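[1] sequence plus the predicted model coming up.
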Amino acid sequence: MKSNWFKFASPATFYPLAGRLIPWFATAAAVLAIVGLYIGLIAAPTDAQQGDAYRIIFIHVPAAWLSMFLYVVMAGWSAAALGFNTRLSAMMAQAIAPTGAVMTFIALWTGAFWGRPTWGTYWAWDARMTSELILLFLYLGVIALRNAIDDPRRADRACGVLALTGVVNIPIIYFSVYWWNTLHQGSSVSLTKAPAMAAVMLTGRLIMSFAAWFYGIAVSLARVRIIMLERERGAAWVATLREVRAA
């Protein structure tokens, strides 16, 4: 028997599914974070050039990767909401934005602390740093725009257009170190080249990246469940859910 995945496009059916998935992703994120931090802070050797200051990359790089990844996912859900007028797609986009903003802030904050011993300054108007800052403003703009519009459907459309417009910034962030002469170093992980770091460093970074991704999924699913209850509070399935909880 084939599964009908389209049934999960309904908030009523996606709500319990999200509830079952959250503990798995949250647990995986916690376990991977513990392992990744142990490798990054204890097991990984001291870098010959940067000393122990480089260890901040085990938080900085996963946060930066996730900040870009979440924006693309948010834009994808926004496109689905605009193209197919699906409520769940707009709710997912709304749920992702705060987590994306937090990850972008962490990337900028840890990058500043990494830059001080490496470049001698907390901030420079470097192409990648500036485009990452623009990404934070885009996330905050989406959040602010939604809060400024009372009608949820109008807010969905406006935020969807803004999210899709801002997606052009993602390739600028990624390719900025290749397009311009910047302080920021190039990628040390590539699909076409051998990694430019020790295996234990690469392992720790990848584990922390998966931890960040699983955390992002768990938090977004938890947030979208809250959004569903707020926006569908007049629906029969929400009333039934509240009756079951009250019993």
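    That came through, no problem.

[2] contacting residues for residue 99?
    70, 216, 219-220, 223 (Cβ atoms under 8 Å, 6 or more residues apart in numbering). No exception for glycine: its C-beta is placed from N, CA and C like everyone else's.

[3] with secondary structure, distance to residue 124 and pLDDT as added columns, please give those in TSV.
    Listed next are those as TSV, based on DSSP: H, G, I helix; E, B strand; the rest coil; distance: Cβ to Cβ, whole Å; pLDDT from 0 to 100:
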residue	secondary structure	distance to residue 124	pLDDT
70	helix	25	97
216	helix	28	96
219	helix	31	97
220	helix	32	97
223	helix	34	97
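
[4] where along this structure do the helices fall?
    Here the chain has its helices, by DSSP state H, at 11-38, 57-84, 87-119, 127-148, 152-166, 169-179, 199-231, 236-246.

[5] by contact count, what packs against the fourth one?
    Right, helix 127-148. helix 57-84, helix 87-119, helix 152-166, helix 169-179 (3 or more Cβ pairs under 8 Å, 6 or more residues apart in numbering; DSSP states H and E).

[6] the second one vs helix 127-148, what angle?
    Which is helix 87-119. Counting by axes from the mean of the first three to the mean of the last three Cα atoms, to 10 degrees, helix 87-119 points 150 degrees away from the direction of helix 127-148.

[7] buried residues in helix 87-119?
    Neighbour-count burial for helix 87-119, with 16 or more other Cβ atoms under 10 Å as criterion, is recorded at 87-108, 110-112, 114-115, 118.

[8] same check, this time on the last one
    Residues 169-170, 172-174, 176-177 are the ones in helix 169-179 that count as buried (16+ other Cβ under 10 Å).

[9] mind putting these in TSV, distance to residue 158 and pLDDT included?
    Converted to TSV, the buried residues of helix 169-179 look like this (distance: Cβ to Cβ, whole Å; pLDDT from 0 to 100):
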residue	distance to residue 158	pLDDT
169	18	94
170	20	94
172	23	92
173	24	89
174	27	87
176	28	78
177	33	71
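
[10] nearest to residue 78, of those?
    Using Cβ to Cβ, residue 170 comes nearest to residue 78 of the buried residues of helix 169-179, at 13.5 Å.

[11] ok, and the closest non-adjacent residue to that closest one?
    Once flanking residues are discounted, residue 170 sits nearest to residue 68: 5.3 Å by Cβ to Cβ, 6 or more residues apart in numbering.

[12] okay, now that neighbour: neighbour count?
    Neighbour count of residue 68, defined by other Cβ atoms under 10 Å: 22.

[13] from residue 111, how far out is residue 175?
    According to Cβ to Cβ, to the nearest Å, residue 175 stands 18 Å off from residue 111.
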